[in-house]
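*Asks:* Give me a 3D structure for the following:
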Amino acid sequence: MKYEPVLSEAISLEILLGLTTAVIWLDKNEDVRFINLAASELLQLSVVKVIGVNWRDILPKLLDEIKACGTGRLTLHDYEVNLPNNKKTYLTCNILFYEVSGTDGWLIEMYDTKRLHRISDEGERWHQYEAGRLLVKALAHEIKNSLAGIYGSAQLLRKRIPRNEKSEKFIGVITNEVNRLKNLVDRMLGPSKYGLKEKRDIHGVLSYVLEVIDVEKTDNILIKLDYDPSIPEIFMDFESMVQAFLNIVKNAIQAMQKYGGLLTIKTRVETRFTLSSKTYPVVAVISIIDQGEGICPNIFDKMFYPMVTSKKEGTGLGLPVAQNVIRNHQGLIVAESKPGNTIFNIYLPIEVVKNES
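*Replies:* Numbering: from 1, shown residues only. Just a heads-up that it's a prediction; the model follows:
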């Protein structure tokens, strides 16, 4: 039985154009005859300007000869591409001999290798973080039980021993230390409950944070704001979001206290971005950039774990709390650091999300 095509050529073309997989087709003269939107976005090239040009002009050094793939499939990994914005990306390319409407040619499928590695690393780190957090939660439960016993015993002592300045001082030390440790444990666990998410302006969050840290900022630290005013409002728990950005900005300020420097806060949007294996049409990108001493390489991969810090007086709780908050908003924190240039990029999806408790 012969089956008729279900879709027309026009509809098939629309589907091909809408694929998230980057696709290019070359004709027998090795010129680009088709490029879908995903490929033009990946390579940051205009579809109109690419059609008709030789493949070597847009994918230099991909292969010495495209015919090397023969009539089968050839896969190339970690192919380096220099983008028009002076950045680099790495691609996996599948090249397939592919005839279209009786015309010989080659189909090239491209995948952003860097993005795939990032998604994999993000998932692995989150699983490790969750395992650490569960351990901390179990330990915190035991610690709080012991602290409750110590606090109760101190109150009984206060009632049973003679009241004098010396006894009150020692009992006061016990109760104050118990309360301090209890607060520390609560901070280790992070917020037990998040508030109601509502539409808020991310720049309002940043303005509030800058007001709070203004008293801590020394005169040798300058602040540069580079905002994209077109970013729509984002569904968020305002108070917890303030806490997340406050922790990151405070770290940046502290990293520059010794020598000073420039703190840059930049906001942008990025399209078709994948967070936790889900691709969002648009995400907000908030970049916190400082010129401080940089993050110690020994703790870089562990800096989002509770109690990990290189500061003498640090608790190692600021970044884990920020990570928890951003993750609760389906977002992602990506950091890179070297002396004089530390960047925290916070990605937040711009879409309606359900309120979570």
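*Asks:* tell me the contacts of residue 35?
*Replies:* The contact partners of residue 35, by CB atoms under 8 Å, 6 or more residues apart in numbering, come to 23-25, 45, 47, 50-51. Using the backbone N, CA and C atoms, a C-beta is placed for each residue, glycine as well.
*Asks:* just those residues now: which is nearest residue 177?
*Replies:* Comparing these against residue 177 with CB to CB places residue 45 closest, at 62.8 Å.
*Asks:* Run through the helices of the stretch 251-357 of the chain in chain order.
*Replies:* Under the criterion DSSP state H, counting those that start in this stretch, the stretch 251-357 of the chain contains helices at 318-328.
*Asks:* Then the stretch 101-250 of the chain?
*Replies:* Going by DSSP H, counting those that start in this stretch, the stretch 101-250 of the chain shows helices at 113-160, 165-189, 202-213, 238-255.
*Asks:* Which of those has the highest mean neighbour count?
*Replies:* helix 238-255 (a mean of 21; mean count of other CB atoms under 10 Å).
*Asks:* picking up where we left off before, I'd like the contacts of residue 35 written out as a markdown table, with neighbour count and secondary structure added.
*Replies:* Listed next are the contacts of residue 35 as a markdown table, based on neighbours: other CB atoms under 10 Å; DSSP: H, G, I helix; E, B strand; the rest coil:
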| residue | neighbour count | secondary structure |
| --- | --- | --- |
| 23 | 18 | strand |
| 24 | 24 | strand |
| 25 | 19 | strand |
| 45 | 18 | coil |
| 47 | 15 | helix |
| 50 | 20 | helix |
| 51 | 12 | coil |
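*Asks:* Tell me which two in those are the farthest apart.
*Replies:* 25 and 45 (15.0 Å).
*Asks:* Of the helices of the stretch 101-250 of the chain, which is nearest residue 327?
*Replies:* helix 113-160 (7.2 Å).
*Asks:* Low-confidence ranges, the chain, go.
*Replies:* Scanning the chain for pLDDT under 70 picks out 1-13, 15, 17, 115-136, 184, 187-195, 277, 305-316, 352-357.
*Asks:* pretty sure residue 245 is in contact with residue 206, am I right?
*Replies:* Yes. Counting by CB atoms under 8 Å, residue 245 does reach residue 206; the two are 6.4 Å apart.
*Asks:* Can you check which residues contact both of those two?
*Replies:* In contact with both residue 245 and residue 206: residue 286, using CB under 8 Å, 6+ apart.
*Asks:* ok, the closest residue to residue 261 other than its chain neighbours to residue 61 distance?
*Replies:* Nearest non-adjacent residue to residue 261, counting by CB to CB, 6 or more residues apart in numbering: residue 291, 3.2 Å away. Between residue 291 and residue 61 the distance is 35 Å, computed by CB to CB, to the nearest Å.
*Asks:* out of those two, which sits in the busier spot?
*Replies:* More neighbours surround residue 291 than the other of residue 291 and residue 61, with 20 against 9 (other CB atoms under 10 Å).
*Asks:* thought the more buried one was touching residue 256?
*Replies:* Yes. Assessed by CB under 8 Å, residue 291 is found in contact with residue 256 at 6.2 Å.
*Asks:* shared neighbours, those two?
*Replies:* residue 263.
*Asks:* Count residues in the vicinity of residue 302, would you?
*Replies:* 15.
*Asks:* Then residue 83?
*Replies:* Count around residue 83 with other CB under 10 Å applied: 12.
*Asks:* Leaving out chain neighbours, which residue sits closest to it?
*Replies:* residue 44 (5.0 Å).
*Asks:* Next up, the contacts around the one you found.
*Replies:* Taking CB under 8 Å, 6+ apart, one finds 83-85 in contact with residue 44.
*Asks:* Quick check: beta-bridge partners of residue 345?
*Replies:* Following DSSP bridges, residue 345 is listed with bridge partners residue 287, residue 334.
*Asks:* now it: how far from residue 214?
*Replies:* For residue 345, the distance to residue 214 - CB to CB - is 24 Å.
*Asks:* can you check residue 186 too?
*Replies:* Taking CB to CB, one finds residue 186 at 27 Å from residue 214.
*Asks:* and what of residue 275?
*Replies:* On the measure of CB to CB, residue 275 and residue 214 end up 32 Å apart.
*Asks:* Quick check on the two: which one has the bigger neighbour count.
*Replies:* Counted by other CB under 10 Å, residue 275 and residue 214 do not tie: residue 275 has more neighbours, with 17 against 9.
*Asks:* Can you name the residues that contact the residue nearest to the more buried one when sequence neighbours are not counted?
*Replies:* Distances taken as CB to CB, 6+ apart place residue 332 nearest to residue 275, at 5.2 Å, with adjacent residues excluded. Contacts for residue 332 (CB under 8 Å, 6+ apart) come out as 122, 275-276, 326, 346-347.
*Asks:* What of residue 103?
*Replies:* 27-28.
*Asks:* Much appreciated, bye for now.
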